[in-house]
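Asker: the amino acid sequence is not available; the structure is as follows:
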């Protein structure tokens, strides 16, 4: 499986969104998140976006105050996500399912979300 | 919310006063109350609200719980049942909340999973695509084997839906099904393949993504699909799809050279044309890892790599280095070409880039430049942070010690480098340096003088004793200087270093090594001293002992001084006061009476026989015991006249014995050394074991064979009974590994040879050969004879050696095997189809769909019709046997004879396993392999004919 997890983390290292594509217990998740976030937060902008951690390779990117972390095998505004966690999840589901990226086009991802908003 | 008229009044009130998710978040963020208190209060509310009969209340409660569980790690499992209740709500928003909660909190062990297949089925078939989407999204995270089995037909239907958004999700879900429930492959694989040539890029993308994942696990099974993939590679304009398909070919190309030849051009074309860095990199990686035989392609890839290496973006630089390191084993020239950039990258801000470039630098190391590169790296290590510094040191150590120091020609240099590394401020590699110092000492005779010098420099520095990370190195230094003390320029200085007060700081085991080394140094000094005195037995007193070197008169003056003090008989004072003068005189003339006395006093003061640690205590007592012997026979050292002749002999005898013991050089011992230990005289293993049998028969507790050897031999000379010999033979057969070779007992001499036989041989060879490079070849010699020996034991050992390899290979678990087996079956089925006529094709397709509805008979019949045609090269009689077997096994048995019975059995087993899908690909092992090969060749053929 390609992608193992996707994390959105703020600058303070708190997890804002987490989606795992393999089952880990709550404790395992917490430990993993803590370790990875600590590694990523200490890096500067001049460093590249790959971090190796345990058996994962983590690719991250920072947008505003939020870190987007994608954990794979070897080989926005924070507040918005706080209040629209569900939407963020659905967006994520549009993009990635079962560890596979199923959609890369922005408009294709957003249109079903907008429709869903209208529907509910 | 009021609309739910059936709800009780209390729930209406709940509903009216319920806090919304926004309220909860706002209160959490306001931080007026401690967070934990807020959360537990909110959880109480949620628990209460979840019991409400009003679905809206429930939904909001679940929303809040989902939020808490994902942001604040609250365990949401108590809400599993309400979640399921909410799944069946007619309102889409409720459903949405419930599905989200379910996919975040359910796991294979959740018991309520049993309750949802029907709800899922309903939603999958819902006319509202968003509802189907929800169900698919849930399944993609949480499908269990049971759910997959139940819902495969429903997802199968969605694989052909006209809505691309749904179809791509179904594709992702079916991949999960394949993994959790491999039988679903038989149903859905074909449709998945059909999705490869859809018009909608998003479904193609999803499908190719799934194939990419599957091919990564078991590429061989997907070779028959190469034509489909090739079409995507040539036709697609979507970068993402191209990246994935390049990845797939990266897996397939190494398996089939003809395929590699076909794809190399289009891939180079993509590399040249595209502007997307991601696609370029994927092509580069594909070329360097799978197409490295194609020089032109590699050249192009290296060009692209160079562009990456000088890019501003650190990510691209990292990837460039990464690609180079894939090339380093096959195309070192590519690395060397980019030497400057690589060395520059050693100082990059990014640790990943630094590490990658470090590995590349070391890949360029050869025998000629190893000194130069190590020097550069060590200087560099001084400037870098501790972590990277140790990474550099580790890489140097690893590279230089590779293949028994293959790269090292100048060991003096290497040993001094080791010394330098030890003094490195951040050095954290004590263990490895320790190992190498000792190892080199054992293996390389010529370097020992330099080794002792390096060890001395380390030991003598009191500052190093304060650094715990150096203890292991100091231990090695102490051992080296004790073991090879004969190369020391000044053993007394060594003794002082070994016994300096700050050694108290060392951990007990290292101190034990120190004391043992002091013991060796002492024995060496005593022996040297006695040798000198014996050399001139006529000399009446110590005063005129012969000197090895130095200007006699000068030293005599010094000596007279010390003798004057010595006459005071207050030895301790002498020792202390002499220290200064001795250290001067000792440089020139090592072994005089007073220098030895000084040494003895030094030890008496420095070695404390009382210690908590037995290791220290024991060794200290050993040393002191020897000194006691010397003290009791004072004349032995200071041989005045010839009156103490006997005692002198006794003492010198002891010293000589000890010296001989220590001068027996240790050597590296191979793992199989024990095999070469010959059976000693008088020990007949068979007989003893036979007697052991009788001992155990007498209910005497089992004794160790080796301790009882001597007694048994003398006491009972009885003949071994036949029964016990047979038992012995049995035992030998089972545990042959632990038996010494039988021939050796009779043929070879019965002396006890030392276990390190081979190293002596090795050392001799080194003596002879000036070229130290040869050493590495020779040091491998001792292992070879073992393999030549035609013993079953060796074979077993070899198996054991290979174990780690075989254990790394089958990473695939059972499910993967099942999956790839199923896929292979399907693909072989397709093979037949593509050869058969069009009419049959359509009928087969119909048959397959019918079989989905449980009517498997149709399919098997049609297939059997299919197989009657002779296949490419396979004799038709074989094929017909397979066709017939399902109907009457007995006849086929007769026809084919017992020879085939085994394969028959296995195929029967597999047919039982595959259950109702009785298709013709239910072939035995050899046949399916043939089909594999056939379809394989066919795939290439198709490629050749239709695509080019």
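Answerer: Yep, that arrived. Values in this document were obtained by computation on a predicted structure and should not be read as measured data.
Asker: enumerate every residue touching residue B:360.
Answerer: B:321, B:324, B:325, B:328, B:335, B:342 (CB atoms under 8 Å, 6 or more residues apart in numbering or on different chains). For glycine as for every other residue, the C-beta is placed from the backbone atoms N, C-alpha and C.
Asker: ok, the residue of the stretch 401-550 of chain B found nearest chain A - contacts?
Answerer: Closest residue of the stretch 401-550 of chain B to chain A, CB to the nearest CB: residue B:426 (18.8 Å). Neighbouring residues of residue B:426 by CB under 8 Å, 6+ apart: B:381, B:386, B:389, B:390.
Asker: just the buried ones from those, in PyMOL syntax?
Answerer: Buried residues among the contacts of residue B:426 (16 or more other CB atoms under 10 Å in any protein chain shown), as a PyMOL selection:
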select buried, chain B and resi 381+389+390
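Asker: residue B:294 reaches residue B:263, doesn't it?
Answerer: No. Residue B:294 lies out of contact with residue B:263 (CB atoms under 8 Å); the separation is 10.1 Å.
Asker: these two: who's more crowded?
Answerer: Neighbours were counted for residue B:294 and for residue B:263 using other CB atoms under 10 Å in any protein chain shown; residue B:263 has more, 26 against 19.
Asker: hmm, stretch B:373-385 in reach of chain A?
Answerer: No. Between stretch B:373-385 and chain A, judged by CB under 8 Å from any CB of the partner chain, nothing touches; the nearest distance is 12.3 Å.
Asker: ok, back up a step: could I get the contacts of residue B:426 as TSV with distance to residue B:63?
Answerer: TSV is the format used below for the contacts of residue B:426 (distance: CB to CB, whole Å):
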residue	distance to residue B:63
B:381	55
B:386	48
B:389	52
B:390	50
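Asker: in a markdown table, list the contacts of residue B:426 along with pLDDT and secondary structure.
Answerer: A markdown table is the format used below for these (pLDDT from 0 to 100; DSSP: H, G, I helix; E, B strand; the rest coil):
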| residue | pLDDT | secondary structure |
| --- | --- | --- |
| B:381 | 85 | helix |
| B:386 | 84 | helix |
| B:389 | 89 | helix |
| B:390 | 89 | helix |
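Asker: looking at the contacts of residue B:426, which is nearest residue B:658?
Answerer: Among the contacts of residue B:426, residue B:390 lies closest to residue B:658 (CB to CB), at 40.7 Å.
Asker: tell me the residues of the stretch 351-500 of chain B that contact chain A?
Answerer: Residues of the stretch 351-500 of chain B found near chain A (CB under 8 Å from any CB) are B:351, B:352, B:353.
Asker: confidence score at the last one?
Answerer: Which is residue B:353. Note for residue B:353: predicted pLDDT of 88.
Asker: which residues sit in contact with it?
Answerer: Counted by CB under 8 Å, 6+ apart, residue B:353 has contacts A:48, B:314, B:317, B:318, B:321, B:345.
Asker: please apply the same query to the second one.
Answerer: Shown in contact with residue B:352 (CB under 8 Å, 6+ apart): A:47, A:48, A:50, A:51, A:52, B:318.
Asker: okay, strands next: where are they in chain A?
Answerer: Per DSSP state E, chain A carries strands over the ranges A:3-10, A:15-20, A:50-53, A:56-63, A:66-73, A:96-97, A:100-101.
Asker: between the first one and strand A:56-63, how big is the angle?
Answerer: Just to be clear, that refers to strand A:3-10. For strand A:3-10 against strand A:56-63, the angle between stretch directions is 40 degrees (axes from the mean of the first three to the mean of the last three CA atoms, to 10 degrees).
Asker: returning to what we had before: just put the strands of chain A in a markdown table and tack on mean neighbour count.
Answerer: Shown next, in a markdown table, are these (neighbours: other CB atoms under 10 Å in any protein chain shown):
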| stretch | mean neighbour count |
| --- | --- |
| strand A:3-10 | 21 |
| strand A:15-20 | 20 |
| strand A:50-53 | 16 |
| strand A:56-63 | 16 |
| strand A:66-73 | 20 |
| strand A:96-97 | 24 |
| strand A:100-101 | 22 |
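Asker: flag the shaky bits of the chain, pLDDT-wise.
Answerer: No chain specified, so I'll use chain A. Scanning chain A for pLDDT under 70 picks out the ranges A:1-2, A:74-90, A:98-102, A:104, A:115-120.
Asker: you looked at the wrong chain, it should be chain B
Answerer: In chain B (pLDDT under 70), the answer is B:1-16, B:534-590, B:633-651, B:667-674, B:683-816, B:829-948.
Asker: name the helices or strands packed onto the longest helix anywhere in it?
Answerer: Looking across chain B with DSSP state H, the single longest helix is helix B:508-535. Helices and strands touching helix B:508-535, by 3 or more CB pairs under 8 Å, 6 or more residues apart in numbering or on different chains; DSSP states H and E, are helix B:471-483, helix B:491-498, helix B:593-606, helix B:614-632, helix B:645-663.
Asker: quick one: residues in contact with the first one.
Answerer: Think helix B:471-483. Contacts to helix B:471-483, defined as CB under 8 Å, 6+ apart, come from residues B:422, B:430-431, B:433-435, B:437-438, B:441, B:451-452, B:454-456, B:458-459, B:464-465, B:488, B:494, B:497-498, B:506-507, B:509-510, B:513-514, B:516-521, B:662, B:665-666.
Asker: which among those end up buried?
Answerer: Buried among those by 16+ other CB under 10 Å: B:422, B:430, B:433-434, B:437-438, B:441, B:451-452, B:454-456, B:458-459, B:464-465, B:488, B:494, B:497-498, B:506, B:510, B:513-514, B:516-521, B:662, B:665.
Asker: ok, residue B:619 - contacts?
Answerer: With CB under 8 Å, 6+ apart, residue B:619 has these contacts: B:512, B:515, B:516, B:519.
Asker: and the residue nearest to residue B:68 when sequence neighbours are not counted, how many neighbours?
Answerer: Distances taken as CB to CB, 6 or more residues apart in numbering or on different chains place residue B:74 nearest to residue B:68, at 4.2 Å, with adjacent residues excluded. By other CB under 10 Å, 19 other residues sit near residue B:74.
Asker: and what of residue B:147?
Answerer: Residues within reach of residue B:147, counting by other CB under 10 Å, total 22.
Asker: kindly report the same for the one 4 residues further on.
Answerer: Counted with other CB under 10 Å, residues neighbouring residue B:151 total 23.
Asker: my guess is it contacts residue B:122. True?
Answerer: No. At 11.1 Å, residue B:151 does not count as touching residue B:122 under the criterion of CB under 8 Å.
Asker: hmm, back to that, which members of the contacts of residue B:426 are the farthest-apart pair?
Answerer: B:381 and B:386 (9.7 Å).
Asker: re earlier: format the contacts of residue B:619 as JSON lines; extra columns: distance to residue B:19.
Answerer: Formatted as JSON lines, the contacts of residue B:619 follow (distance: CB to CB, whole Å):
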{"residue": "B:512", "distance to residue B:19": "69"}
{"residue": "B:515", "distance to residue B:19": "74"}
{"residue": "B:516", "distance to residue B:19": "75"}
{"residue": "B:519", "distance to residue B:19": "80"}
